[in-house]
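Chemist: give me a 3D structure for the following:
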Amino acid sequence: MARILVIDDEPDVVRLILKVLSGRGHVVQTARDGASALARVKHEAPDVILLDSDVPKIDGAEVCRRIKTDAATERIPVVMMTSSYIDIYDVGAEGGPDAFVVRPFAREVLANVVDRVLFRRSVARA
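Modeler: Numbering: from 1, shown residues only. Purely as a prediction, here's the structure:
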């Protein structure tokens, strides 16, 4: 069981993600914008972050950069959700996400990507 923070402002997408990941035994929390997400990351230290590239207040690329360049949060895996393959190339390598999911995505794809980043995190800790 992992603690997963979903950062997305689209209720239908959040409901789908909650259903998929809760059904796999994960504890899922949500944030609707980049500013509140950064505050939650600092206080709750999730095991994985699912981050929409286009969230209000602070965009996904900047949220990811801040997480990945902060010593307290840099090891938290970030999976960026995007609606375009072009967005993948716009996010720089430094401070970039650990994985991407292009929307719309199949439930199995989302679950597999989360499993993969959780596995990599467990190997890195060992």
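Chemist: so where's this protein uncertain?
Modeler: Applying pLDDT under 70 to the chain flags the ranges 84-95, 126.
Chemist: which SS state does the residue nearest the centre of it fall under?
Modeler: Residue closest to the mean C-alpha point of the chain, counted by CA atoms, centre = their mean, is L50 at 1.8 Å. Following DSSP: H, G, I helix; E, B strand; the rest coil, the label given to L50 is strand.
Chemist: how close does it sit to A71?
Modeler: Look at L50 and A71: by CB to CB, to the nearest Å, they are 22 Å apart. Quick note: C-beta positions are derived from backbone N, CA and C, even for glycine.
Chemist: do the same with V28
Modeler: 26 Å.
Chemist: coming back round to it: mind listing what the residue nearest to the centre of the chain touches?
Modeler: 4-8, 17, 79, 81, 101, 114 (CB atoms under 8 Å, 6 or more residues apart in numbering).
Chemist: can you give me the helices for the chain?
Modeler: For the chain, the helices defined by DSSP state H cover 11-22, 34-44, 60-68, 85-90, 107-125.
Chemist: now those helices in a markdown table, with distance to D54?
Modeler: Listed next are these as a markdown table, based on distance: least, CB to CB, whole Å:
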| stretch | distance to D54 |
| --- | --- |
| helix 11-22 | 11 |
| helix 34-44 | 10 |
| helix 60-68 | 6 |
| helix 85-90 | 8 |
| helix 107-125 | 17 |
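Chemist: could you identify which of those helices is most buried?
Modeler: Among the helices of the chain, helix 60-68 has the highest mean neighbour count (mean count of other CB atoms under 10 Å), at a mean of 21.
Chemist: and the contacts of it?
Modeler: So helix 60-68 is contacted by 7, 34, 37-38, 41, 49, 51-55, 58, 73-74, 76, 78, 80, 82, 90-92, 94-97 (CB under 8 Å, 6+ apart).
Chemist: repeat the analysis, applying 7 Å as the threshold.
Modeler: Contact with helix 60-68 is made by 7, 34, 37-38, 41, 49, 51-55, 73-74, 76, 78, 80, 90-91, 95-97, as judged by CB atoms under 7 Å, 6 or more residues apart in numbering.
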